[in-house]
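>>> quick one, structure for this:
(2 chains)
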Amino acid sequence: MSKKERKIEYQIDSDFILRKKKSIKKELLKKDNLIEKNVAILGGSTTSEIKNILEIFLLDNGINPNFYESQYNKYYEDALFGNEELDKFNPDIVYIHTSNKNIVAFPELGSSEEEITTLLKNEVKRYKSIWSSLSRFNCAIIQNNFEYTVDRSLGNLDCYDIHGKTHFINQLNNEFSKGAREIKSLYINDINYLSSYIGLKNWFDRSLWYQAKYALSMGSIPELAFNISKIIGAIFGRTKKCLVLDLDNTCWGGVIGDDGLDGIYIGIETAIAESFTSFQKYAKELKQRGITLAVCSKNDFKNAREGFEHPDSVLKFDDFTSFKANWDPKYENIVDIAKEINIGTDALVFIDDNPAERDIVSSQVPSVVVPNVGNDVIHFIDHIDRNGYFEPTSLLADDINRNEYYEGNKKRSEDESTFKSYDEFLVSLSMIAEIKSFSSMYLDRITQLINKTNQFNLTTKRYTAGEIERMSSSNEYIKIYGKLTDKYGDNGLIAATIGRIEDNQCHIDLWLMSCRVLKRDMEFAMLDELVRQCKEKDISEIVGYFYKTAKNNIVSDLYDKFGFRLRSKDNEDTIWNLNISHYTNENKFIRVQSD
Amino acid sequence: MTRSDVFRGVQDIYDEDNLDIRDSNNSDVIEDWDSLDRINLVSAVEREFQIKFALDELATFQNYGSLIDLIIEKLK
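The predicted structure is shown next:
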């Protein structure tokens, strides 16, 4: 399906998707590199069409789902007591599709405050028991919160009197949010927002409820499925990392080269200026939560840079980690941007008001996401926001600081050139690493790193938060993380290794590192610690695995560098081993603090 | 809209995989047509023709012929 015909992203064409689901699916199944995942749908109402449409959105996201679907309204029974089929299915994701139709009892007008509090507690307790029972699968749980009821016999009072349904639903949703903050593997599918966005009167279809027990209208199912697919995509590391912006008529109104700094539209003086300011503010918000910004513009560098010196410009030159303003083709600049930031081109989203530039970039570098934003800045935010390119699963301090690391990286590469040797440069960095066993404080970051690292990753094995938690308290695994600080700042937690112990061998199921600390010898420091822990456990041999993917070529010879011996080879996948009885530490440049 | 226009509209709703529908007025209930297939068809028809069926109207139709009758009635 060409980009122009795409109807399965904002603004999605529900009729088209519902009608053509079979041919869309057939087309999407042709994609390469689909990953298989088991998705269990536990419904409190009919889910048949939700499953069909969710499949399309997941396929579009590179995920080929196998489904388990509970019997009608058996979400509670399945979650709590399971059944043979579900247990065998072993889900990666459980999606609980409940709605206000599943609320057991709303407050009655005669209820006392105490009785209503009890009702609320009982309702919440039911879901808490669902969530805790499901932890047996070590999977991610996606839970709908509640949409408002269309009718509210108390009128506006419904939202603030304790007997109101709206009031009750608001309280329930608050409790769900609390639950999701406490339970790492629980994600809320915010249908309260979604139904408001679509409009409650479009969201719910009485006739369809009476006839077929669908708790939402047919036309809303694609929106629901799209929203779920964004969460699942984020869980499996499909989130984009960098927003690349054109300048003229994208970041400001007008052409800086022609109109000059005084002539461009930015600020709040005119409606046009304000629309560009809003867009800059949105980009700035993304930056503040860890999304990297870059510029790709046909302009003289000096002019381009000057635009951000405008006193009303929200974005400043320093907000951009990579800044390409020249007359080279944009697709070349985009490839350079990805290299400079050290991420794949498929982690980029490119926004440009010019359709010709969009076409060239998306045809030359198809992996870059280039939404069809039109030429009016008013719509740009919707295209970024509604498509969920940057959907986060949680906010981590590391994300918020990440841009600083990248900026620090720029400084580091400037320094490199003034040293006589690379070793000398490494010494000058005064690196200090903390390499320790997984601890609960870092489980979020470790899970995130595991699920999004593609390049420096030997096995590209993904784990859910639940699995990580289980391994971190198990004696059958050596599981270490690495944090690295240098004179420019804290790089955060950037490496993880998991070794499975069997007899007196340690099998490296997982070895990965963030590319922001490439060529710093951090991998040697990690190996030293792994060997040390192996020796403590009387292990004599380490077995390493390299599974080739489209992206991890960079580590194909890592075990060779480590001094492992090649044991076997299957196409490009390799297995290595290392006898550690005479191992001597390899890291020379990093001071290490371990357990 | 003529009867054949409406019929073509209904046909168009279907993905190429299942095109085997006939504009029959006989009273045979369409086989292996489960309630969810039926509801998918009805809701696609409603969106295609911008009409809304009442619950009692939906209770009456058993085959494509009677559905098309209903649509024509609604479009009047």
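
>>> could you point out the helix or strand that follows the worst-scoring helix or strand of chain A on mean pLDDT?
Counting by mean pLDDT, DSSP states H and E, chain A has its least confident helix or strand at helix A:397-416, which shows a mean of 67. Downstream of helix A:397-416, the next assigned helix or strand under DSSP states H and E is helix A:422-428.

>>> now that next one: average pLDDT?
Across helix A:422-428, pLDDT averages out at 85.

>>> what packs against the helix or strand just after it?
The element immediately downstream of helix A:422-428 (helix or strand, assigned by DSSP H and E) is strand A:431-437. On a contact count with 3 or more C-beta pairs under 8 Å, 6 or more residues apart in numbering or on different chains; DSSP states H and E, strand A:431-437 meets strand A:477-486, helix A:522-536, strand A:590-594. Bear in mind the C-beta positions are built from the backbone N, C-alpha and C, glycine included.

>>> closest one to chain B among these?
Chain B lies closest, by C-beta to the nearest C-beta, to one member of the helices and strands packed on strand A:431-437: strand A:477-486, at 45.4 Å.

>>> pLDDT of that closest one, averaged?
Mean predicted lDDT for strand A:477-486 stands at 94.

>>> okay, now the sheet partners of it, with direction.
Here strand A:477-486 has these sheet partners by DSSP bridges: strand A:431-437 (antiparallel), strand A:489-502 (antiparallel).

>>> how big is the angle separating that strand from strand A:590-594?
Following axes from the mean of the first three to the mean of the last three C-alpha atoms, to 10 degrees, one obtains 140 degrees for the angle between strand A:477-486 and strand A:590-594.

>>> and the gap between the residue positioned nearest the centre of chain B and chain A?
Residue closest to the average C-alpha location in chain B (C-alpha atoms, centre = their mean): B:L67, at 4.0 Å. Per C-beta to the nearest C-beta, to the nearest Å, B:L67 is found 14 Å from chain A.

>>> A:K535 and A:I478, how far apart?
With distances taken as C-beta to C-beta, to the nearest Å, A:K535 is found 11 Å from A:I478.

>>> look at these two and report which has more neighbours.
A:I478 (25 against 13; other C-beta atoms under 10 Å in any protein chain shown).

>>> mind listing what the more buried one touches?
Neighbour list for A:I478: A:S437, A:T497, A:I498, A:G499, A:I501, A:C506, A:L530, A:Q533, A:C534, A:K537 [criterion: C-beta atoms under 8 Å, 6 or more residues apart in numbering or on different chains].

>>> A:K479 now?
Neighbour list for A:K479: A:S437, A:F438, A:M471, A:S472, A:A496, A:T497, A:I498, A:G499 [criterion: C-beta under 8 Å, 6+ apart].

>>> contact partners for A:D538?
Residues in contact with A:D538, defined by C-beta under 8 Å, 6+ apart, are A:N504.

>>> sorry, back to before: closest to chain B among the contacts of A:I478?
A:I498 (43.9 Å).

>>> now that closest one: closest residue in space, sequence neighbours ignored.
Distances taken as C-beta to C-beta, 6 or more residues apart in numbering or on different chains put A:L510 closest to A:I498, at 4.0 Å, once the chain neighbours are dropped.

>>> could you dump the top helix by length along chain B to PDB, C-alpha only?
In chain B, with assignment by DSSP state H, the single longest helix is helix B:35-49. Taking only C-alpha atoms (Å, rounded to 0.1, in the frame of the first residue of the first chain), the coordinates of helix B:35-49 have been written out as PDB:
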ATOM      1  CA  SER B  35     -25.400 -13.200  14.100                       C
ATOM      2  CA  LEU B  36     -22.100 -11.300  14.000                       C
ATOM      3  CA  ASP B  37     -21.800 -11.600  10.200                       C
ATOM      4  CA  ARG B  38     -25.300 -10.300  10.000                       C
ATOM      5  CA  ILE B  39     -24.600  -7.300  12.300                       C
ATOM      6  CA  ASN B  40     -21.400  -6.500  10.300                       C
ATOM      7  CA  LEU B  41     -23.500  -6.400   7.100                       C
ATOM      8  CA  VAL B  42     -26.200  -4.300   8.700                       C
ATOM      9  CA  SER B  43     -23.900  -1.700  10.100                       C
ATOM     10  CA  ALA B  44     -22.000  -1.500   6.800                       C
ATOM     11  CA  VAL B  45     -25.200  -1.000   5.000                       C
ATOM     12  CA  GLU B  46     -26.200   1.700   7.500                       C
ATOM     13  CA  ARG B  47     -23.000   3.600   6.900                       C
ATOM     14  CA  GLU B  48     -23.000   3.100   3.200                       C
ATOM     15  CA  PHE B  49     -26.500   4.300   2.600                       C
END
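
>>> that one - contacts with which helices or strands?
On the basis of 3+ C-beta pairs under 8 Å, 6+ apart, helix B:35-49 makes packing contacts with helix A:14-19, helix A:48-60, helix A:206-212, helix B:3-13, helix B:64-75.

>>> any weak-confidence spans in chain A?
Across chain A, the ranges flagged by pLDDT under 70 are A:1-6, A:397-407, A:410-418.

>>> what's the first helix or strand after the helix or strand containing A:K26?
Assigned by DSSP H and E, A:K26 belongs to helix A:21-28. Per DSSP H and E, the first helix or strand lying C-terminal to helix A:21-28 is strand A:35-43.

>>> before we move on, the earlier item: closest to A:S581 out of the helices and strands packed on strand A:431-437?
Closest to A:S581 of those is helix A:522-536 (C-beta to C-beta; 8.7 Å).

>>> show me how far the longest helix of chain B is from its chain's centre.
7 Å (C-alpha atoms, centre = their mean, to the nearest Å).

>>> report all helices and strands that the helix or strand A:A234 falls within contacts.
For A:A234, the host element (DSSP H and E) is helix A:221-235. Applying 3+ C-beta pairs under 8 Å, 6+ apart, one finds that helix A:221-235 makes contact with helix A:14-19, helix A:48-60, strand A:63-69, strand A:93-97, strand A:140-144, strand A:186-189, helix A:191-198.

>>> give the next helix or strand downstream of that helix.
As assigned by DSSP H and E, the chain's next helix or strand after helix A:221-235 is strand A:242-245.

>>> please identify the most buried of the strands paired with strand A:477-486.
strand A:489-502 (a mean of 21; mean count of other C-beta atoms under 10 Å in any protein chain shown).

>>> for it, output the C-alpha coordinates as PDB.
The C-alpha atoms that make up strand A:489-502 are tabulated as PDB, following Å, rounded to 0.1, in the frame of the first residue of the first chain:
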ATOM      1  CA  GLY A 489      27.800  13.900  32.500                       C
ATOM      2  CA  ASP A 490      25.800  10.800  33.400                       C
ATOM      3  CA  ASN A 491      25.000   8.500  30.500                       C
ATOM      4  CA  GLY A 492      22.400   6.700  32.700                       C
ATOM      5  CA  LEU A 493      21.800   3.000  32.600                       C
ATOM      6  CA  ILE A 494      23.000   1.900  29.200                       C
ATOM      7  CA  ALA A 495      23.900  -1.800  29.300                       C
ATOM      8  CA  ALA A 496      22.300  -5.100  30.400                       C
ATOM      9  CA  THR A 497      23.400  -8.700  30.300                       C
ATOM     10  CA  ILE A 498      21.500 -11.800  31.300                       C
ATOM     11  CA  GLY A 499      23.200 -15.100  31.700                       C
ATOM     12  CA  ARG A 500      21.300 -18.300  32.300                       C
ATOM     13  CA  ILE A 501      23.100 -20.800  34.500                       C
ATOM     14  CA  GLU A 502      22.900 -24.500  33.500                       C
END
